[in-house]
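**Student:** Structure for the following, please:
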Amino acid sequence: MNDPKSEPSPGQPVTTRSAATSSSSPSPAARVSSGAGPGRPPGRFGSLGPVGLVLAGGISVQFGGALAVTLMPRAGALGVVALRLFAAAVILLLVCRPRLRGHSRADWGTVIVFGVTMGAMNGLFYEALARIPLGTAVTLEVLGPLALSVLASRRAINAVWAGLALGGVFLLGGGGFGGLDLVGVAFALGAGSMWALYIVFSARTGRRFPQADGLALAMAVAALLFLPLGIAEAGGRLLNPTTLGLGSAVALLSSVFPYTLELLALRRLPASTFAILMSLEPALAATAGFLILGQSLTATQAAAIALVIAASMGAVRTQVGRRKAAGGENVG
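**Tutor:** Residues are numbered from 1 along each chain as shown. Below is the predicted model of the structure:
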């Protein structure tokens, strides 16, 4: 699906395709990633920028998920997914106007797999939301990125942060999930595996397509995949004006904003660090569930949130240290 020259080694910073193939001088994307440029000291914003993108995307997607739960009685899980993906695809295609010519077969293969993965991730997660609480669903889903962080990283310290976050994830779930709908649990775990693949193919798509063009094309693929399923489940209810309005809001919060921010962040963060930052998602989901759905937190859940935040802060500090060390060694 991807040529070896543009494929980074596990745990290395994700760059644009032009940066990956250039050896004579840093590309503009590489300079942005390192914070270098005219009149700007190297590394000044190298880590804080992408970390902020990830956090903003996480907040948006979890509040969008909470809003989607309120929409499910109107359109069903697959109907909500279809509305979300279709509206997001229309918005992104109109804004990005991606170029369709000039791409290789490998480029198209990557973006199609990215779209299928994105659609499957959304479909599985919303089926889980229809059966188990938001915070618990995200808690289970985040196991996918956490596993990726351990497998992709070559540094032992990242395994420590992942282990700490994993402990928080299980604590947030009350130390076990035996009392939950097992079908919902299976859907959430499946969504987690798709989330791990989403991270990989989002990075590959970001390297092969400029700006958010690849994201727009992948979103169109996902929308085409799920639109027939949504119509089969919800039928004419999808055309209700209120349902369309809420579905568009879910699309903006849960797809357009977070996926764009995450795609940009993955160009400047190692996949392993990005995956560990995703351990914040249960905390963000619990907050959104409390504010929108009235789901309160217990003391145990609050302690779990503290654990995942500590793990994420540790991952960020590790990333900052790596960038400072690279800057001192002249990464140009």
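**Student:** before we move on, what SS does Thr260 have?
**Tutor:** Secondary structure for Thr260, judged by DSSP: H, G, I helix; E, B strand; the rest coil, is helix.
**Student:** Quick one: residues contacting Cys287.
**Tutor:** Not quite, residue 287 is Thr, not Cys. Remark: with contacts taken as C-beta atoms under 8 Å, 6 or more residues apart in numbering, Thr287 is in contact with Gln62. For glycine as for every other residue, the C-beta is placed from the backbone atoms N, C-alpha and C.
**Student:** For it, pull up the helix or strand it's in.
**Tutor:** When elements are assigned from DSSP states H and E, Thr287 belongs to helix 281-293.
**Student:** Show the low-confidence segments of the stretch 201-332 of the chain, by residue range.
**Tutor:** When residues are selected by pLDDT under 70, those of the stretch 201-332 of the chain lie in 271-272, 275, 279, 297, 316-317, 319-332.
**Student:** Identify each of the helices in it and give its residue range.
**Tutor:** All helices of the stretch 201-332 of the chain, identified by DSSP state H, counting those that start in this stretch, fall at 213-234, 241-251, 257-266, 271-277, 281-293, 299-328.
**Student:** Also the stretch 1-150 of the chain?
**Tutor:** With DSSP H, counting those that start in this stretch as the criterion, the stretch 1-150 of the chain has helices spanning 17-21, 28-34, 48-96, 105-129, 134-141, 143-152.
**Student:** Looking at those, which is nearest to Ala303?
**Tutor:** helix 134-141 (13.6 Å; C-beta to C-beta).
**Student:** Check which helices and strands that closest one is in contact with.
**Tutor:** Helices and strands in packing contact with helix 134-141 are listed as helix 48-96, helix 105-129, helix 156-172, helix 182-208, helix 281-293; criterion 3 or more C-beta pairs under 8 Å, 6 or more residues apart in numbering; DSSP states H and E.
**Student:** nearest to Gln301, of these?
**Tutor:** Nearest of those (C-beta to C-beta): helix 156-172, 5.5 Å.
**Student:** Highest mean neighbour count out of the helices of the stretch 1-150 of the chain?
**Tutor:** With neighbours taken as mean count of other C-beta atoms under 10 Å, those reach their highest mean count in helix 134-141, at a mean of 28.
**Student:** That one to helix 156-172, inter-axis angle?
**Tutor:** Per axes from the mean of the first three to the mean of the last three C-alpha atoms, to 10 degrees, the angle that helix 134-141 makes with helix 156-172 is 140 degrees.
**Student:** Between helix 105-129 and helix 134-141, find me the angle.
**Tutor:** Using the same axes, to 10 degrees: helix 134-141 against helix 105-129 is 140 degrees.
**Student:** who touches helix 134-141?
**Tutor:** Residues lying outside helix 134-141 but in contact with it, judged by C-beta under 8 Å, 6+ apart, are 62, 65-66, 69, 125, 128-129, 169-170, 172-173, 177, 180, 184-185, 188-189, 191-192, 195, 281-282, 284-286, 288-289, 293, 295, 301.
**Student:** I'd like to know which of the residues you listed are buried.
**Tutor:** The neighbour-count test (16 or more other C-beta atoms under 10 Å) marks 62, 65-66, 69, 125, 128-129, 169-170, 172-173, 177, 180, 184-185, 188-189, 191-192, 195, 281-282, 284-286, 288-289, 295, 301 as buried among those.
**Student:** Dihedrals phi and psi, Arg131?
**Tutor:** With angles defined as degrees, to the nearest 10, Arg131 shows backbone torsions of phi -120, psi -30.
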